[in-house]
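In: next comes the sequence, and after it the predicted model I'd like to discuss.
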Amino acid sequence: MEVRDYNRNNVFKSRRNLFRQLLKSLLFISLLLSLITLIQQIFVDKFTVSYFYPLTLCLLVIQYCVDRIHLGWGAFITFIVMGSGSISLALLTDDIALACLSGAILPLLLRFTVTQRWILLFIPVWLSLLVSIHSYNVQTALVSEFYTHLLTLSYSVLVYGTLTILFNRIYSLVSDKEYKENNDLIDEFIDSYQVHQHFEWLKSKNPDGVVRVYGVYLKNILDNVGKSSDSSNEFKEAIVQFNQLLKGVCPPGASIGRLENGVYVLMSERRYWDAFEHGLRQLKKEAPDFSPIVVSTDTPNDSIDLDSALNNLDTVFMRATKEKTDFARFNLKDRDHLNAQTDIRFVDVSQAFEKDEIQMFFQPKVDIKDNNRLVGAEALVRWLHPEKGLLTPKEFVDLIESSPYRLKFINSVIEQSAHFCETMKQSGLPISVSFNLSANDLQDLRVTYELSQVQQKYGFDAGALQIELSEQETDVSLDNLKRSLDAVKELGYSVALDDFGTGMSSLAYFQNLPADTIKLDRSFIKDIHINRLSEHLTNMVVGLSKEEGLTVVAEGVESAMEADTLLKLGVDQVQGYLFGKPMPPSEFLQFYGLELIDYDL
Ligand code: C2E
Ligand code: MG
Ligand code: MG
């Protein structure tokens, strides 16, 4: 996914380079001048320290203004000692300039290059020099000359050091300013690292570990940035303005992160999801000039971790751009797109079976009319891939179904579901367990045989195991499908019509197939509390189902408001993240405070 890098177009980047070059040249010039002056003094024997005088003082003033040089007690004492020493030197040599330089300015200049602690060292050096001058009574002229060269040399070094410090200081001021200006764009927003931290926190906070991740992409800005060299300020102002709008629409408790590539990543606790989504939908109205595209994905349903969730967001964004929509959720199309990029091979499938990497997870179904009592679970397959992590069905089921392992897979789904049903029974909380089979699977006599074997092995009551038949397109005729379903019902399985309302043949299925349960697809459930059409349709399906004596299950319930509306509409059971994510058997039992009971069949 290509998202423009904001920094790439940052004018400060070139300014910084320019500044670096400037700094280098100035330092080079200052060093050169110092050396020339030094050589001139040594060979021409001319006292030219006066050149340094104004320069040094100017540097001092600048430095003082920039940094407010801090003189501690150590430096102060040094200053006093060297100052009084310089007076005695002035009296001795009659050279006021030399005395001022060495006594008053030298310690001050030294302060630029050394710490206060080290300046103190100059006191004994200075005092011993003074004492030696007096005690050996060296000729005044000689002493003066010696000190002139010594001081000139130290001045060359000091000027160079001062310049370096000064320019470093200016440089850091500029880069600070630059950093701040860049950071104004993400003012109060968390960075990539913190986004990851917040993700982990939410994962542990939500009881079922489900985290919904939103991405906001500013397409207009991403497209226009960098088209003209002077667009930078405008661009930054626009971003700051957008940031304000974004903050305005997000409820408290939501985190807003801004990644290096300019994508906003937003997350919140589940209780804010509704308000959060409502706010993000407002964004389009509040910020029409920015054309924000809001996309979302769920973990662990759509992806195992935040990085793959971010990858999902990019995929959804690309689709949303293509479909010219501004609010999109990760769906089958995106999964297919990603699937095309995955490289799972048949050989991986064979190993997966050998190593028991393909396992069933179970998601609770609760009776909303009976205080959310657990009544069932749906078996959803997962691949615990050693490298790719937890894979969801859309990433591999098609591949397995077209591989030589198809039958093995179906048998494993049936067996694991039955085993779990028995486990729950043995643990003291009997529930019905459903699993997914396709119309084609049901046409396969070997599958029907397996179903009969399992039923024989466990001897479940009728309806303890349920087959979920999806409304996916199939070339199996309605008559054939009806015959197969009649057969499995005779074996003691109940039948649910899965994803009801999404296919072309909902009503034909409803009318002709011997179903016991209707599973309303999540597309009707989502936002049902605010979507009148979904409410009407659900109401209609519930009415029809009741007349036919069918149970209605709503899939993908995420918010309490959705659940309340479903209860009002007369839906019997609900399944969704609000009540529990798909979990491995042991976790499921733990979730309901049960202990795993070993049993022999
Ligand atoms: P499905 O049978 O309709 O399963 C429901 C899907 O919705 C599951 O996705 C489940 O994790 C997800 N879901 C549950 N609650 C929520 C919620 O609150 N919000 C949202 N956004 N999603 C929720 P999953 O596990 O990825 O399965 C996808 C589909 O893959 C299933 O749809 C089913 O058609 C198929 N599938 C799953 N397991 C098997 C299997 O063992 N065999 C076959 N043939 N297909 C399977
Ligand atoms: Mg299903
Ligand atoms: Mg479904």
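Out: Alright, I've got the coordinates. Numbers count the residues shown, from 1 in each chain. Ligands and ions are numbered 1, 2, ... in the order given.

In: do any residues in the biggest strand by length in the chain lie close to ligand 1?
Out: Scanning the chain for the longest strand, with DSSP state E as the assignment, gives strand 373-385. Yes - Strand 373-385 reaches ligand 1 (C-beta under 6 Å from any ligand atom) through 380, 381. C-betas here are computed from N, CA, C, even on glycine.

In: quick check, residue 443 in contact with residue 474.
Out: No - the pair residue 443 / residue 474 is not scored as a contact, 9.2 Å apart, by C-beta atoms under 8 Å.

In: mutual contacts of the two, please.
Out: The overlap between the contact sets of residue 443 and residue 474 (C-beta atoms under 8 Å, 6 or more residues apart in numbering) consists of residue 481.

In: which residues of this protein lie near ligand 3?
Out: 498, 499, 555 (C-beta under 5 Å from the ion).

In: and if we set it to 8 Å?
Out: Residues of the chain found near ligand 3 (C-beta under 8 Å from the ion) are 468, 470, 498, 499, 519, 521, 522, 555, 556.

In: next SSE downstream of the longest strand of the chain?
Out: strand 389-391 (DSSP states H and E).

In: that older thread, pick the one among the residues of the chain next to ligand 3 closest to ligand 1.
Out: residue 556 (3.8 Å; C-beta to the nearest ligand atom).

In: ramachandran coordinates for the nearest residue to that closest one once chain neighbours are set aside?
Out: Nearest in space to residue 556, with sequence neighbours left out and distances taken as C-beta to C-beta, 6 or more residues apart in numbering, is residue 522 at 2.9 Å. Dihedral angles of residue 522 (phi, psi; degrees, to the nearest 10) stand at phi -60, psi -30.

In: could you verify my assumption that residue 522 touches residue 553?
Out: No - taking contacts as C-beta under 8 Å, residue 522 lies outside contact range of residue 553: 11.4 Å.

In: give the contact list for residue 275.
Out: residue 251 are the contacts of residue 275 under C-beta under 8 Å, 6+ apart.

In: confirm that residue 518 sits in a strand.
Out: Yes - according to DSSP: H, G, I helix; E, B strand; the rest coil, the state of residue 518 is that of a strand.

In: give me the distance between it and residue 364.
Out: 19 Å (C-beta to C-beta, to the nearest Å).

In: before we move on, what about residue 567?
Out: 17 Å.

In: compare neighbour counts for the two and give me the winner.
Out: residue 364 (24 against 15; other C-beta atoms under 10 Å).

In: tell me the secondary structure of that one, please.
Out: strand.

In: contacting residues around the residue nearest to it when sequence neighbours are not counted?
Out: Leaving aside its chain neighbours, residue 364 sits nearest to residue 580 (4.1 Å; criterion: C-beta to C-beta, 6+ apart). If a contact means C-beta under 8 Å, 6+ apart, then residue 580 has 208, 363, 364, 588, 591 as its contacts.

In: isn't the first one right up against residue 577?
Out: Yes - contact status for residue 208 versus residue 577: in contact at 6.0 Å, counting by C-beta under 8 Å.

In: overlap in contacts of the two?
Out: What both residue 208 and residue 577 touch, as defined by C-beta under 8 Å, 6+ apart, is an empty set.

In: now for the residue in the stretch 151-300 of the chain positioned nearest to ligand 2, how many residues are close by?
Out: As assessed by C-beta to the ion, ligand 2 sits closest to residue 298 within the stretch 151-300 of the chain, at 16.4 Å. Residue 298 has 19 neighbours, counted by other C-beta under 10 Å.

In: the nearest residue to it once chain neighbours are set aside in helix, strand or coil?
Out: Leaving aside its chain neighbours, residue 298 sits nearest to residue 212 (5.2 Å; criterion: C-beta to C-beta, 6+ apart). Classification of residue 212 using three-state DSSP returns strand.

In: how near is residue 212 to residue 290?
Out: Distance from residue 212 to residue 290, by C-beta to C-beta: 22 Å.

In: which one's more surrounded, the two?
Out: Each of residue 212 and residue 290 has its neighbours counted (other C-beta under 10 Å); residue 212 has more, 24 against 21.

In: that one contacts residue 295, correct?
Out: No - counting by C-beta under 8 Å, residue 212 stays clear of residue 295, with 11.2 Å between them.

In: enumerate every residue touching residue 282.
Out: Contacts of residue 282 (C-beta under 8 Å, 6+ apart): residue 249.

In: helix or strand: which one has it?
Out: Going by DSSP H and E, residue 282 is part of helix 273-286.
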